[in-house]
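Trainee: this one's structure only:
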Ligand SMILES: NC(=O)C1=CN([C@@H]2O[C@H](COP(=O)(O)OP(=O)(O)OC[C@H]3O[C@@H](n4cnc5c(N)ncnc54)[C@H](OP(=O)(O)O)[C@@H]3O)[C@@H](O)[C@H]2O)C=CC1
Ligand SMILES: O=C(O)[C@@H]1CCC=N1
């Protein structure tokens, strides 16, 4: 499958209209945190979150008073962000629908097709997003897909909402979002996994946990920044580190011998497959 993508430049933050979040867990907190850091006031958010501990965390972290149930307060919101698990989306939609008839709906749920969301909410104003948790520090990557009837003004509103959280990438075909999910949506977990592995190796070689973690995180930060600014592809940057007969060569040879690249690609395909399965399993309701 060929995936057509459009990169949009980041623009200056502008005041946001009131925004509802249905589900106030990890991903909602990352987006809300990113927006608050960029200057959006806490009273711009209406959050529905049945889990008391999650409501307490939102209050402590951001000064937001979340509601346990959907109610009239939602009707002031121009955008409703769906940040519930795919498994609970269909049930969560029922009590919200009546309060959000005029809103633009933005789902971050993995796999759930926009057809299902449009059916559950009785509107064609549906955009799907696949963000990631670095949104919390304004370094997120978000893939976006808009249903055909979504207007340019609604796309602009979504861009305005999410630009403060990082980089946006619109895709033209909805299935491409499953690939985005498998790469950048789940991707931070892969990076943290490698940081964990590097840190463990450092400790096994005699460094303190603090030293090892600083070296691991600093190396990811520095290499990412270099890859971001370099004109050469990552493969060339890798070759520059790899002196003939040296230490990096020994490490890369070990990785190749264990087929780590193929294993990693298989893992990413497993995430893509799971995104499609989530849509099939929980998009029917
Ligand atoms: N975490 C991530 O990095 C990313 C997540 N996503 C997507 O974001 C969505 C949320 O994921 P995540 O934040 O990790 O999950 P969380 O479990 O952290 O957050 C979901 C929250 O929604 C609450 N909830 C359950 N039922 C309802 C309801 N009826 N109305 C309102 N809220 C409800 C849950 O409460 P309770 O625990 O009591 O059920 C929970 O606190 C998922 O669809 C996921 O695919 C997308 C990109 C990245
Ligand atoms: O693991 C998940 O299903 C969600 C979607 C992408 C990241 N977290």
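Mentor: Done, it's in. Predicted model only: the values in this text are computed from it and were never measured. Numbers count the residues shown, from 1 in each chain. Ligands and ions are numbered 1, 2, ... in the order given.

Trainee: Next, the contact list for residue 277, please.
Mentor: Listed by CB atoms under 8 Å, 6 or more residues apart in numbering, the contact set of residue 277 reads residue 111. C-beta: built from backbone N, CA, C; applies to glycine.

Trainee: Correction: the previous question concerned residue 59.
Mentor: 65, 66.

Trainee: Could you rerun that using 7 Å?
Mentor: residue 65 (CB atoms under 7 Å, 6 or more residues apart in numbering).

Trainee: Tell me the spacing between it and ligand 2.
Mentor: Applying CB to the nearest ligand atom, to the nearest Å, the value for residue 59 to ligand 2 is 24 Å.

Trainee: And residue 96, by the same measure?
Mentor: Taken as CB to the nearest ligand atom, the span from residue 96 to ligand 2 is 21 Å.

Trainee: cool, residue 259 as well?
Mentor: In terms of CB to the nearest ligand atom, residue 259 sits 25 Å off from ligand 2.

Trainee: burial count for that residue?
Mentor: 11 (other CB atoms under 10 Å).

Trainee: which residues of the stretch 51-200 of the chain fall in helices?
Mentor: 52-62, 89-97, 114-121, 152-162, 176-180, 187-204 (DSSP state H, counting those that start in this stretch).

Trainee: Let me know which of the ones you listed is tucked in deepest.
Mentor: Comparing these by mean neighbour count (mean count of other CB atoms under 10 Å), helix 176-180 ranks first with a mean of 24.

Trainee: Check which helices and strands that one sits against.
Mentor: Other elements packing on helix 176-180 under the criterion 3 or more CB pairs under 7 Å, 6 or more residues apart in numbering; DSSP states H and E are strand 126-130, strand 140-146, helix 260-282.

Trainee: Tell me the spacing between the residue lying farthest from the centre of the chain and ligand 1.
Mentor: Here the chain reaches farthest from its C-alpha mean at residue 245, the gap being 40.0 Å by CA atoms, centre = their mean. Applying CB to the nearest ligand atom, the value for residue 245 to ligand 1 is 41 Å.

Trainee: Go ahead and report the secondary structure state at that residue.
Mentor: coil (DSSP: H, G, I helix; E, B strand; the rest coil).

Trainee: Could you report the pLDDT at it?
Mentor: pLDDT recorded at residue 245 is 94.

Trainee: That one and ligand 2: what is the separation?
Mentor: 40 Å.

Trainee: ok, now residue 118?
Mentor: Counting by CB to the nearest ligand atom, the gap from residue 118 to ligand 2 is 21 Å.
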